[in-house]
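[1] next come a sequence and a model predicted from it.
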Amino acid sequence: MNNYLLDSGIFFKEVSRRIQLEMSDNEVIQLSFNLALGCERLLKGILYDINPTYILIEPDFKHSLKTLYSHKIISEAMASKELATKPNPDVISFNNSLLKAQHISNTVASHKNILFAISRARDIIAHCELNLLEKNKIKEVLQRDFYTMLKSFSDELDIKQSHFFDGSRIKLSRISGSLQTDLNKKMSLLFETHLATWQILKGRSGFVVEKDSITKEILKTENKESIDCPACESTAVIYLKPIIEFDQLKLEEEIIGFEVKKLKCQYCKLEIQDSSILDKLGISDKKVHKNKNCAYCGVEMAKDEACETCENCENSNWNAN
């Protein structure tokens, strides 16, 4: 077991010991922070097992050799110009680790929104006023999702549950189990309510045409994606937030991925922001809507792509509608 996986247990065990059905706000804040620290190390550990350079901000040879394998370098090569004089040992962020690990871990992929919620809570606790923290939501993650997510990691990575739960497995299982039932009931009632709303509204004159138009216009804006509504099966919209980080090599900001912020349906009024429900619905890795059309014929295009549909292809460009 690499050190990142090993060290994650320090924080997970602390969370396991202190989770209860009744917790103060102060306790929720402390446990959320420990959970985030454990999760970040766990994600890095997953990447490290595949290739240690995947966690480095500068993974190229001249930096990674001195950072990771300095003990392997022969004495005559230590001053080589092909190696960095001051190697950069900095590692990638929580979100970047998450976006990379989702490609090699089914557990990461199926808990992506929950992990984003944990990362977001950590950032607020570390950098912002604590009244911005949605304590009830992160408390649900601690009580309901912590046990099931870490159990899944235990099975996937073949790591003993004691590494995560430190003898608290039965307690955590009981707490999580009672709330899993609540989540399923919550989803069922939510979809039932909004399906009934749709059944009433769709009969109104012009309602469907109006919502078709609104939905179409929303999907033309940036960072949106369409999906079948889980309640009424009409076209709903996924709202995405770009994850932007500073590239130290290019010295510029770049989008490294996207976080799902919510699902919203204009037809039945369904709106979901709960990360646990979004994960249960499998809404965790949507392709970003291109959002741009040829200025001449309106055909959807990727950036810098020439339009092959109309006669103005030599002048075709993006047109943000």
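    Happy to help now that I have it. All values derive from a computational prediction rather than experimental measurement. Residues are numbered from 1 along each chain as shown.
[2] for the stretch 201-321 of the chain, which spans come out with low pLDDT?
    248-249, 284-321 (pLDDT under 70).
[3] show me the helices in it, by range?
    207-219, 275-280 (DSSP state H, counting those that start in this stretch).
[4] what does the first one rub up against?
    Read it as helix 207-219. 201-202, 224-226, 234-235, 237, 266-267, 289, 291 (C-beta atoms under 8 Å, 6 or more residues apart in numbering). For the C-beta atoms, the positions are set from N, CA and C on the backbone; glycine is no exception.
[5] could those residues go into a markdown table alongside neighbour count?
    Compiled in a markdown table, those are given as follows (neighbours: other C-beta atoms under 10 Å):
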| residue | neighbour count |
| --- | --- |
| 201 | 15 |
| 202 | 14 |
| 224 | 18 |
| 225 | 19 |
| 226 | 15 |
| 234 | 18 |
| 235 | 18 |
| 237 | 21 |
| 266 | 19 |
| 267 | 24 |
| 289 | 19 |
| 291 | 16 |
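[6] follow-up on the earlier one: quick one: the helices of the stretch 201-321 of the chain as TSV, columns for mean neighbour count and distance to residue 94 too.
    Formatted as TSV, the entries for these read as follows, by neighbours: other C-beta atoms under 10 Å; distance: least, C-beta to C-beta, whole Å:
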stretch	mean neighbour count	distance to residue 94
helix 207-219	14	30
helix 275-280	21	15
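[7] ok, back up a step: please flag which of the contacts of helix 207-219 sit within strands.
    224-226, 235, 237 (DSSP state E).
[8] including distance to residue 212, could those residues go into CSV?
    Putting these into CSV (distance: C-beta to C-beta, whole Å) gives the following:
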residue, distance to residue 212
224, 15
225, 17
226, 12
235, 8
237, 12
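[9] closest to residue 167 out of these?
    Nearest to residue 167, judged by C-beta to C-beta, of these is residue 225 at 43.3 Å.
[10] which strand residues bridge that closest one?
    Beta bridges link residue 225 to residue 238, judged by DSSP bridges.
[11] strands of this structure, start to end?
    Using DSSP E, strands in the chain cover 224-228, 235-247, 252-264, 271-272, 292-294, 318-320.
[12] right, so of the ones you listed, which gets closest to residue 26?
    Going by C-beta to C-beta, the one of those nearest residue 26 is strand 252-264, 27.4 Å.
[13] quick one: the helices in the stretch 51-200 of the chain, in order.
    61-68, 94-101, 106-110, 112-127, 135-140, 146-157, 162-165, 169-201.
[14] out of those, which is the most enclosed?
    helix 94-101 (a mean of 22; mean count of other C-beta atoms under 10 Å).
[15] check which helices and strands that helix is in contact with.
    On a contact count with 3 or more C-beta pairs under 8 Å, 6 or more residues apart in numbering; DSSP states H and E, helix 94-101 meets helix 25-50, helix 112-127, strand 235-247, strand 252-264.
[16] show me what the first one is packed against.
    Contact partners of helix 25-50 among helices and strands, from 3+ C-beta pairs under 8 Å, 6+ apart: helix 3-18, helix 94-101, helix 112-127, helix 135-140, helix 146-157.
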